[in-house]
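Enquirer: following is a predicted model, sequence given first.
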Amino acid sequence: MNVLIVFAHPDPRSLNASLRDVAIETLEAQGHSVEVSDLYAMGWKAAADRADFPGLAAEARLQVASASGDAYAADALTDDVKAEQAKLRRADLLILQFPLWWYSMPAILKGWVDRVYAYGFAYGVGEHSDRRWGDRYGEGTLAGKRAMLIVTAGGWEQHYSPRGINGPIDYLLFPINHGILHYPGYDVLPPFVAYRVDRLDAAGFEREAQRLRARMRTLESTAPLPFRRQNGGDYLIPGLELRPGLEQAGTTGFALHLAQGG
Ligand code: FAD
């Protein structure tokens, strides 16, 4: 299997870098080939702006989605973006790895998504009709591939529990798992989250490393999160609301979009 790790931490001696190396070593030991996009080391340009569309006429307004679609269709995206898209096409499994910063991903990784996920590549794919609303949420360019998150957090696991003050981790990660990974087609594996890491000692590191090794050894047998397929009949089109009665009684919010009610 080809694995791509998109890594977003500025320090090569960080906990995240050590965990990334554990993941790489475990994957390679199983015969997988691993490619890494180390965004800070690459000097990744995070902001999507006019420089991304060199073919755009000087007098034209920058409308990012249409400029992105035109450039993608004309094979005129910038080389850094094209290289990342080629890596995504090659990879059977995508891992996004990052420290949780302000309840989300660091800006450099969000900027990778904004720029690499071009119109025609990750969105704006497929037909819209009374049966289909584009190829997305389980369908699309990256369908048939798997993806997962490796995340570290300063907060305790309890703080991210269903009644924890930070909000449940599944809810905080939903926009990434569902909106960024499932949207262009990925089957999304449950995330690996290491909690309370800011003063991790050697024993704590070994415990997290062991948990991560176990996840890296079971990637092919781990069941993906049971997100519902958009065009599979569960949603009314074009309103894209879940048909009434499909959820377990009492299920609300993000959990509605999991086939077993979360
Ligand atoms: P590091 O700082 O590199 O290391 C953490 C600890 O692991 C250190 O004590 C280090 O010595 C130890 N360690 C043990 N073994 C090793 C080893 N082998 N290699 C390297 N280190 C080791 N947390 C939240 O929960 N929610 C938030 O919303 C949130 N927002 C944040 C926003 C910002 C801007 C910042 C800076 C932090 C935020 N945090 C938040 C905390 C953040 O998630 C953690 O600081 C981060 O996950 C720690 O990962 P790291 O790789 O940076 O750890």
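Expert: Yes, it's here.
Enquirer: where are the low-confidence patches of the stretch 151-262 of the chain?
Expert: 261-262 (pLDDT under 70).
Enquirer: who in it is up against the ligand?
Expert: Within the stretch 151-262 of the chain, the positions adjacent to the ligand are 152-155, 197-200, 202, 205 by C-beta under 6 Å from any ligand atom. The way it works is simple: take the backbone N, C-alpha and C, and place the C-beta from them, glycine included.
Enquirer: quick one: the residue nearest to Gly232 when sequence neighbours are not counted from Asn2, how far?
Expert: Closest residue to Gly232 apart from its sequence neighbours, by C-beta to C-beta, 6 or more residues apart in numbering: Gly138 at 7.6 Å. When distance is defined by C-beta to C-beta, to the nearest Å, Gly138 is 21 Å away from Asn2.
Enquirer: okay, those two: which has more neighbours?
Expert: Gly138 (20 against 15; other C-beta atoms under 10 Å).
Enquirer: am I right that that one sits in a strand?
Expert: No. Judged by DSSP: H, G, I helix; E, B strand; the rest coil, Gly138 forms no part of a strand; its state is coil.
Enquirer: contact partners for it?
Expert: By C-beta atoms under 8 Å, 6 or more residues apart in numbering, the contact set of Gly138 is 182, 185, 187, 227-232.
Enquirer: tell me the phi and psi of it?
Expert: Torsion angles at Gly138 (phi, psi; degrees, to the nearest 10) stand at phi 100, psi -10.
Enquirer: and the one 10 residues further on, by the same measure?
Expert: Backbone dihedrals for Met148, given as degrees, to the nearest 10, come out at phi -160, psi 160.
Enquirer: can I assume it is in contact with His182?
Expert: No. The pair Met148 / His182 is not scored as a contact, 11.6 Å apart, by C-beta atoms under 8 Å.
Enquirer: return every residue with contacts to both of the two.
Expert: Shared contacts of Met148 and His182, counting by C-beta under 8 Å, 6+ apart, come down to Val188.
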